[in-house]
Each structure stands twice: as C-alpha cells, then as structure tokens.
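In: 3D, please:
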Amino acid sequence: LEGIGEAIVVLDGGARVTWWNAAAEKGTGIRREDIIGKRVWDVFPTLAGTAAERAVRDVIERRQPRQFPGWRYRGAD
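Out: Got it, this is the predicted structure:
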C-alpha cells in the first residue's frame, strides 16, 4: 500500500483512521502519527454536511471501499 501513488485511508466503524499511507501524508501534509486513531471528522471538520461526509458515512455503513477521484485537501481550517 505504501508504493501506491494514490492516498489510501482506512477507517474503522467509528470513523477513526487506522491506515494512512505515504501518499496521504504527502497530499495533506498530515503525518501518519498525527492522524492514526483520530476520528476523520475531528481532523477534517469542514466535511460536515458535505457530499464527502455522506459518502464516508455510506462507506462505513456498507463496509465497501470507495474512490473519491478529484477530491483535494486544501489545508487546515
């Protein structure tokens, strides 16, 4: 997973980050050790009420992977 050039993020059922690959670090500037174990909503509060939040919740509920092509992190709030 580290060799893949795309960001790969794995969440548990509580929306906590359990995997954050090197591409996710590079794309966001958020180090793995600073995000593992944190709820995605706490790290990315601007997701609230967006289509991205609905998609993430759907992924957690259905337990099916999903791609988010075109999504770009634009930095902290």
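In: Phi, psi for the residue sitting nearest the centre point of the chain please.
Out: Central residue of the chain (CA atoms, centre = their mean): residue 9, 4.8 Å from the mean position. Dihedral pair for residue 9: phi -130, psi 130, per degrees, to the nearest 10.
In: do the same with the one 10 residues further on
Out: Recorded main-chain torsions at residue 19 are phi -150, psi 140, according to degrees, to the nearest 10.
In: any idea how far residue 42 is from residue 34?
Out: 12 Å (CB to CB, to the nearest Å). For the C-beta atoms, the positions are set from N, CA and C on the backbone; glycine is no exception.
In: no no, residue 15
Out: 17 Å.
In: Which of those two has more residues huddled nearby?
Out: residue 15 (17 against 13; other CB atoms under 10 Å).
In: wait, the more buried one sits on residue 58?
Out: No - using CB atoms under 8 Å, residue 15 is not in contact with residue 58; the gap is 12.0 Å.
In: Alpha carbons of the helix or strand bottoming out on mean pLDDT in the chain, in CSV - could you do that?
Out: Lowest by mean pLDDT, DSSP states H and E among the helices and strands of the chain is helix 51-62, with a mean of 84. C-alpha atoms of helix 51-62 as CSV (Å, rounded to 0.1, in the frame of the first residue of the first chain):
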residue,chain,number,x,y,z
ALA,A,51,-21.3,15.2,-0.1
ALA,A,52,-17.9,13.9,1.1
GLU,A,53,-19.3,13.3,4.6
ARG,A,54,-22.3,11.5,3.3
ALA,A,55,-20.0,9.3,1.1
VAL,A,56,-17.7,8.5,4.0
ARG,A,57,-20.7,7.6,6.2
ASP,A,58,-22.0,5.4,3.4
VAL,A,59,-18.6,3.6,3.1
ILE,A,60,-18.6,2.9,6.9
GLU,A,61,-22.2,1.7,6.9
ARG,A,62,-21.9,-0.5,3.8
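In: count of neighbours near residue 39?
Out: Counted with other CB under 10 Å, the neighbours of residue 39 add up to 14.
In: What's the separation between it and residue 14?
Out: The gap separating residue 39 from residue 14 is 7 Å, by CB to CB.
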